[in-house]
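J.: got a predicted structure plus its sequence, pasted below:
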Amino acid sequence: SKNLNGLFINLPREKDGYHQPKLDQIFGMLLDEIRPDIAHVGHLNHLSTGIIDELHARQIPIVFTLHDFWLMCPRGQFLQRNFGQIEFHQLCHGQENQKCARQCYNAYFSGQENDNTRDMAYWTDWIASRMNKTRRIVEKVDVFIAPSRYLQNRFINSFHVPSDKIIYLDYGFPSYLKPLQKAPHDLFTFGYIGTHIPAKGVNLLIESFSKLHGRAMLKIWGHNKGQNNYSLKRLAETCKSANKQIQWMGEYANKEIAQNVFAHVDAIVVPSIWAENSPLVIHEAQACHVPVITADNGGMCEYVQHNVNGLLFEHRNVHDLTSKMQYALTHPHEMVQLGKRGYLYDEYGEVLSVQKHCQELQQVYKRLIL
């Protein structure tokens, strides 16, 4: 919008450090002390790519679970920052060093026009170095685990991970996630669970909710502080009406999510604007027989099939999300049936248990150790 003024803040170089030699040294000392038989890496963000080097140098087998695109995208989600452009957070369809510098790292530029060429060259080289290090990780990891087929295929096709080096294994979930009797409520209630960062698309959910015809409730769970939350609350204020109520529920205890969250909603909405890989909330809702409305993109549509165990809307499309939410509002009995189907990849609709997940992991470990 021409009525919005952008504020550009110069941030210091090397803010997004990916390699910390001091951390590598300490980690190496720890490895020499405990001498593990195998290492399982969950993420390297805020740690160091050198952790893999330390393990590899000691011939310790490495298992690496992928949770996002961090290895092949410096920002992890293939979302561009697009500072100074009308549409923020555009989808990125492939990593390129110059594009990353121009579209995502210009916040680190000096801000002086005559420095643009130098800043562009610096950050292009920085990204190239970063990507070289993450690509070499592929050679040193013994087994990658992807929690969705979508993520598995994307790493094979876009990051050239050998297909025999990456396996699919969904997350495991605890037994306290189970269907419970619904708490009494008068209005059809949509729920959102998660962080309120822009990538999660909560603004799209609020906008879509405001367009519904009929009486309804939207309950939003998640950390109830920060700039993102403040902006979303301001948006909600402009959208509220007598027929549609929005409640900010704050945080919740994981062990009480079935009775304190899922028992109070008729549908969960997952409106993320990035290609989520294997959203935990989708699995949690399905374990509790709550239908999910989510986007037809990434791992989201891998775990929700339209009109089978939930509803799919066109990714990032407010109008289509409104349409699917309107259907849910006017077809509550059908939504109950969708929720009962649960998890697609089990005859009885049950999500993978923690115990079964660990059994599968043990088989992976045994193949590498024995």
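T.: Happy to help now that I have it. Numbers count the residues shown, from 1 in each chain.

J.: helix or strand next in line after the helix or strand harbouring residue 55, which one?
T.: Assigned by DSSP states H and E, residue 55 falls within helix 50-57. Next in sequence after helix 50-57, counting helices and strands by DSSP H and E, comes strand 62-65.

J.: who are the packing partners of that following strand?
T.: Helices and strands touching strand 62-65, by 3 or more Cβ pairs under 8 Å, 6 or more residues apart in numbering; DSSP states H and E, are strand 39-41, helix 50-57, strand 143-146, helix 354-369. Using the backbone N, CA and C atoms, a C-beta is placed for each residue, glycine as well.

J.: buried set for the second one?
T.: So the one you mean is helix 50-57. Residues 50, 51, 52, 53, 54, 55, 56 are the ones in helix 50-57 that count as buried (16 or more other Cβ atoms under 10 Å).

J.: could you pull out the strands in this structure for me?
T.: For the chain, the strands defined by DSSP state E occupy 39-41, 62-65, 143-146, 166-168, 188-193, 216-221, 244-250, 267-270, 292-295, 310-313.

J.: could those be laid out in JSON lines, adding mean pLDDT and mean neighbour count?
T.: Listed next are the strands of the chain as JSON lines, based on pLDDT from 0 to 100; neighbours: other Cβ atoms under 10 Å:
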{"stretch": "strand 39-41", "mean pLDDT": "97", "mean neighbour count": "17"}
{"stretch": "strand 62-65", "mean pLDDT": "98", "mean neighbour count": "20"}
{"stretch": "strand 143-146", "mean pLDDT": "99", "mean neighbour count": "23"}
{"stretch": "strand 166-168", "mean pLDDT": "99", "mean neighbour count": "16"}
{"stretch": "strand 188-193", "mean pLDDT": "98", "mean neighbour count": "22"}
{"stretch": "strand 216-221", "mean pLDDT": "96", "mean neighbour count": "22"}
{"stretch": "strand 244-250", "mean pLDDT": "91", "mean neighbour count": "16"}
{"stretch": "strand 267-270", "mean pLDDT": "99", "mean neighbour count": "26"}
{"stretch": "strand 292-295", "mean pLDDT": "99", "mean neighbour count": "26"}
{"stretch": "strand 310-313", "mean pLDDT": "99", "mean neighbour count": "26"}
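
J.: in CSV, list those strands along with distance to residue 367.
T.: Shown next, in CSV, are the strands of the chain (distance: least, Cβ to Cβ, whole Å):
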stretch, distance to residue 367
strand 39-41, 13
strand 62-65, 10
strand 143-146, 8
strand 166-168, 10
strand 188-193, 36
strand 216-221, 40
strand 244-250, 44
strand 267-270, 34
strand 292-295, 34
strand 310-313, 35
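
J.: for these, which one sits closest to residue 330?
T.: Closest of the strands of the chain to residue 330 is strand 188-193, at 8.8 Å (criterion: Cβ to Cβ).

J.: contact partners of the closest one?
T.: Contacts to strand 188-193, defined as Cβ atoms under 8 Å, 6 or more residues apart in numbering, come from residues 202, 205, 209, 214-222, 252, 257, 261-262, 264-271, 281, 284, 290, 293, 325, 328-329, 332.

J.: just the helices in this protein please.
T.: Secondary structure of the chain (DSSP state H): helices located at 21-34, 50-57, 97-104, 116-140, 149-158, 202-210, 227-239, 257-260, 280-287, 300-303, 318-330, 332-341, 354-369.

J.: other SSEs contacting the helix or strand of the chain with the lowest mean pLDDT?
T.: Of all helical and strand segments in the chain, the minimum by mean pLDDT, DSSP states H and E falls on helix 227-239, at a mean of 87. Secondary-structure packing of helix 227-239 (3+ Cβ pairs under 8 Å, 6+ apart): helix 202-210, strand 244-250.

J.: next, the angle strand 216-221 makes with the last one.
T.: Between strand 244-250 and strand 216-221, the angle formed by their directions is 20 degrees, by axes from the mean of the first three to the mean of the last three Cα atoms, to 10 degrees.

J.: and for the first one?
T.: Here helix 202-210 points in a direction 160 degrees away from that of strand 216-221 (the same axes, to 10 degrees).

J.: helices or strands up against helix 202-210?
T.: strand 188-193, strand 216-221, helix 227-239, strand 244-250, helix 318-330.

J.: how about the shortest one?
T.: Under the contact criterion of 3+ Cβ pairs under 8 Å, 6+ apart, the helices and strands touching strand 244-250 comprise helix 202-210, strand 216-221, helix 227-239.

J.: kindly recompute the last result at 10 Å.
T.: In terms of contacts (3 or more Cβ pairs under 10 Å, 6 or more residues apart in numbering; DSSP states H and E), strand 244-250 is packed against strand 188-193, helix 202-210, strand 216-221, helix 227-239.

J.: nearest to residue 366, of these?
T.: strand 188-193 (35.7 Å).

J.: chain center to the closest one, what's the gap?
T.: Here the centre of strand 188-193 is set off from its chain's centre by 19 Å, with Cα atoms, centre = their mean, to the nearest Å.

J.: now it against strand 244-250, angle please.
T.: Going by the same axes, to 10 degrees, strand 188-193 makes 30 degrees with strand 244-250.

J.: direction included, what does strand 188-193 pair up with?
T.: Strand 188-193 has its sheet partners listed here by DSSP bridges as strand 216-221 (parallel), strand 267-270 (parallel).

J.: JSON lines for those strands, including distance to residue 100?
T.: Formatted as JSON lines, the strands paired with strand 188-193 follow (distance: least, Cβ to Cβ, whole Å):
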{"stretch": "strand 216-221", "distance to residue 100": "32"}
{"stretch": "strand 267-270", "distance to residue 100": "27"}
